[in-house]
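Asks: Here is my input; please provide its structure:
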Amino acid sequence: MSALARRRIADLRGIVQLAGLAVAEVAGIAEGVHRSVLGTVGMPGPAPGRVGGITGLVYGAIRTLSRGAGDAADGALAAVQAVLPGDARAAPGSRRREALVAVLNGVMGDRLVAAGNPLATPMRLRCGEVLLDGRSMPALEGVGGKLLVLVHGLCLDDGHWQARDAGQCVDHGRTLAQALGYTPLYLRYNSGLHVADNGRALSALLERLLAHWPVPVQQVVLLGHSLGGLVARSAVHHAQEQQARWPARLRAMVFLGTPHHGAPLERAGSRLHALLGSTPWSAPLARLGGLRSAGITDLRFGHVLDRHRHDGDRYTARHDRRAPVPLPVGVACHTYAATRLARRGVLADRVIGDGLVPLRSALGQHEDADHALGFAGHARRIGWRMGHLELLSRPEVGRQLVRWLGKVDQDDAPEGARAARLGAPARRPAAAGRPPPGPTKGEALMSKGLNQKKQSKKKPAKSLLEKRAAKHEKKQQKK
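Replies: Numbering: from 1, shown residues only. Purely as a prediction, here's the structure:
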């Protein structure tokens, strides 16, 4: 009960801070419009975007009062929260509350972190109902050494992997656990931060997790939906740069509707932002576009590294200046794209796609060969008449994941396990200093039978006289 009370007070603190921010932003926009109107008639102001006189004092008083009231309320709530025991982040929340917080983090998560807002979501993994931060390992039951890490997309959270289709619950993590024995770990993170920041944090989290996991880890598979696929790619890149140990266990990566080369919706938002800032009348409204989080602006071209992002002009940058980031070598990589249309074409490939991500971007295709990700033909799949969020809820997507990762399991299994799966006896390894054993009796008989069968199919060679007789007979028939 005390943890739940702390959670509610933390939420109230976050709402108070947001209210203060909203008042300040609205006052700033209104004052900016006022300043633009006065500027058109030649009346100067004390500073860009500011008005003077009594009107300026009113706007300043609004900002000061909202800031002061917000700070006072936040301080009082923080004092109450401090005396309550328990961890507010560990308290269970309603599904609606979690979904709203996820949207808030996606839209302005970077601002929440900068302001120290309690509604900012920390990065954690969920195993069943247990939250893991990698620093300590609570008692876990029924876990194995094959780890499936599921990374959600923008404005979503770990609960969105539990989707519904025709009234039935669809959870790709549970499907793969039942079919292939994976232990699903659902990542929860602030999707409004830069992709590179989330990728770096995920890499560090996985490194700590593998060091404390209760059983030896055999495999790690990353499954990313939408923005989560970019975060997964960024995590692998950072891990390789830092020479982390966990990528040695990475066997496969699967991307569902990931905008590898960006999404047109964010590019349209960038153009609108630039358009609003092009006239003095609308320039104050451009501040609304500035509320877009770093996670959203990273979707313009699919940024995954620190050097890709344009912090100075991230709202208006129009040119793709990314360095190529290929898929990791030695890792089975698969992509599942979707389109709301029934066939491929210009609209499906470059504009509509699944409603948010075009087909070419989700398939990793690019005009520049250096940027093309080059997924193998068998590692690509397109869902026709399927939307972006339906990639989480359609059972056929789960069945394809089982086929892909089942093949990874077969390739990853030792020879003895593969032979047992195929119904053949495993070959015993040769002893030290001895040549490898020859074929078993059964193998020798099978080989002999096959050779006899092949020989029986061959026609006996004809002698020279038989060939001449056959030739003469054909001539007589023609006459």
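
Asks: wait, what's in contact with the closest residue to R344 other than its chain neighbours?
Replies: Leaving aside its chain neighbours, R344 sits nearest to L359 (6.6 Å; criterion: CB to CB, 6 or more residues apart in numbering). Yep, even glycine has a C-beta here, placed from its N, CA and C like the rest. By CB atoms under 8 Å, 6 or more residues apart in numbering, L359 lies in contact with 337, 339, 344, 348-350, 353, 382.

Asks: can we see that at 10 Å?
Replies: Contacts for L359 were tallied using CB atoms under 10 Å, 6 or more residues apart in numbering; they are 257, 337-339, 341, 344-345, 347-353, 365, 382.

Asks: Who wins on neighbours among those?
Replies: With neighbours taken as other CB atoms under 10 Å, the top of the contacts of L359 is G257, carrying 33 neighbours.

Asks: Which helix or strand in the protein has the lowest average pLDDT?
Replies: Within the chain, no helix or strand scores below helix 415-422, which has a mean of 43 by mean pLDDT, DSSP states H and E.

Asks: ok, back up a step: in strands, which of the contacts of L359 appear?
Replies: Judged by DSSP state E, these include 337-339, 382 as members of strands.

Asks: Turn these into CSV, columns for pLDDT and distance to D298.
Replies: Formatted as CSV, the ones in strands among the contacts of L359 follow (pLDDT from 0 to 100; distance: CB to CB, whole Å):
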residue, pLDDT, distance to D298
A337, 97, 20
A338, 96, 21
T339, 95, 23
I382, 97, 25
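
Asks: would you turn the residues you listed into JSON lines with distance to C127?
Replies: Below are the ones in strands among the contacts of L359 laid out as JSON lines (distance: CB to CB, whole Å):
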{"residue": "A337", "distance to C127": "29"}
{"residue": "A338", "distance to C127": "29"}
{"residue": "T339", "distance to C127": "34"}
{"residue": "I382", "distance to C127": "32"}
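
Asks: How many neighbouring residues does A211 have?
Replies: The local packing of A211 (other CB under 10 Å) involves 13 other residues.

Asks: I'd assumed S136 was in contact with it.
Replies: No - using CB atoms under 10 Å, A211 is not in contact with S136, being 11.3 Å away.

Asks: Pass me the low-pLDDT residue ranges in this protein, would you?
Replies: 1-8, 16, 18, 20-93, 266-290, 308-318, 413-479 (pLDDT under 70).

Asks: for it, what spans make up the strands?
Replies: Taking DSSP E, the strands of the chain run over residues 124-127, 130-132, 146-151, 163-165, 168-170, 183-188, 219-225, 250-256, 332-339, 380-384.

Asks: Now for the closest residue to A102 other than its chain neighbours: which residues touch it?
Replies: Closest residue in space to A102, ignoring its immediate chain neighbours: D157 at 3.9 Å, by CB to CB, 6+ apart. Residues in contact with D157 (CB under 10 Å, 6+ apart) are 95, 98-99, 101-103, 105-106, 121, 126, 186-191.

Asks: quick one, helices of the stretch 101-250 of the chain?
Replies: 172-180, 195-212, 227-241 (DSSP state H, counting those that start in this stretch).

Asks: Check the stretch 301-450 of the chain too.
Replies: Using DSSP H, counting those that start in this stretch, helices in the stretch 301-450 of the chain cover 346, 359-362, 390-393, 395-412, 415-422, 441-457.

Asks: The residue nearest to R164 when sequence neighbours are not counted: neighbouring residues, count only.
Replies: Leaving aside its chain neighbours, R164 sits nearest to S393 (6.2 Å; criterion: CB to CB, 6+ apart). Counted with other CB under 10 Å, the neighbours of S393 add up to 22.

Asks: so L185 touches L202, yeah?
Replies: No - contact criterion CB under 10 Å: L185 and L202 do not qualify, at 11.1 Å.

Asks: any residues in contact with both of those two?
Replies: Both L185 and L202 are contacted by 125, 149, 151, under the criterion CB under 10 Å, 6+ apart.

Asks: so the second one sits right up against L205, yeah?
Replies: Yes - checked against CB under 10 Å, the pair V149 and L205 is within contact range at 9.3 Å.

Asks: what sits in contact with each of those two?
Replies: 125, 185, 187, 235.

Asks: quick one: the third one and Q365, what's the gap?
Replies: Spelled out, that is L187. 27 Å (CB to CB, to the nearest Å).

Asks: likewise V215?
Replies: Separation of V215 from Q365 (CB to CB): 40 Å.

Asks: before we move on, what about G142?
Replies: According to CB to CB, G142 and Q365 sit 41 Å apart.

Asks: With G167 instead?
Replies: Separation of G167 from Q365 (CB to CB): 36 Å.

Asks: same question, A348
Replies: Between A348 and Q365 the computed distance is 12 Å (CB to CB).

Asks: what sits in contact with each of these two?
Replies: Common neighbours of A348 and Q365 (CB under 10 Å, 6+ apart) are 337, 358-359.

Asks: which of the residues you listed lies closest to G387?
Replies: Of all the shared contacts of A348 and Q365, G387 sits closest to A337, with 11.9 Å by CB to CB.

Asks: OK, contacts around the residue nearest to that closest one when sequence neighbours are not counted?
Replies: Nearest residue to A337, sequence neighbours excluded (CB to CB, 6+ apart): A362, at 3.5 Å. Counting by CB under 10 Å, 6+ apart, A362 touches 226, 229, 255-261, 263, 335-339, 349, 353-354, 356, 380, 382, 388, 391.

Asks: same thing but 7 Å
Replies: A362 makes contacts with 257-260, 335, 337, 353, as judged by CB atoms under 7 Å, 6 or more residues apart in numbering.

Asks: And it, how far from V254?
Replies: For A362, the distance to V254 equals 12 Å [CB to CB].

Asks: same deal with P358?
Replies: Taken as CB to CB, the span from P358 to V254 is 19 Å.

Asks: Have a look at the two and say which one is more surrounded.
Replies: Taking other CB under 10 Å, P358 and V254 do not tie; V254 has more neighbours (28 against 24).

Asks: I'd say that one and G229 touch.
Replies: No - if you go by CB atoms under 7 Å, V254 and G229 don't touch, sitting 8.4 Å apart.

Asks: re earlier: V149 and L205: who's more crowded?
Replies: Per other CB under 10 Å, whichever of V149 and L205 has more neighbours is V149, with 26 against 23.
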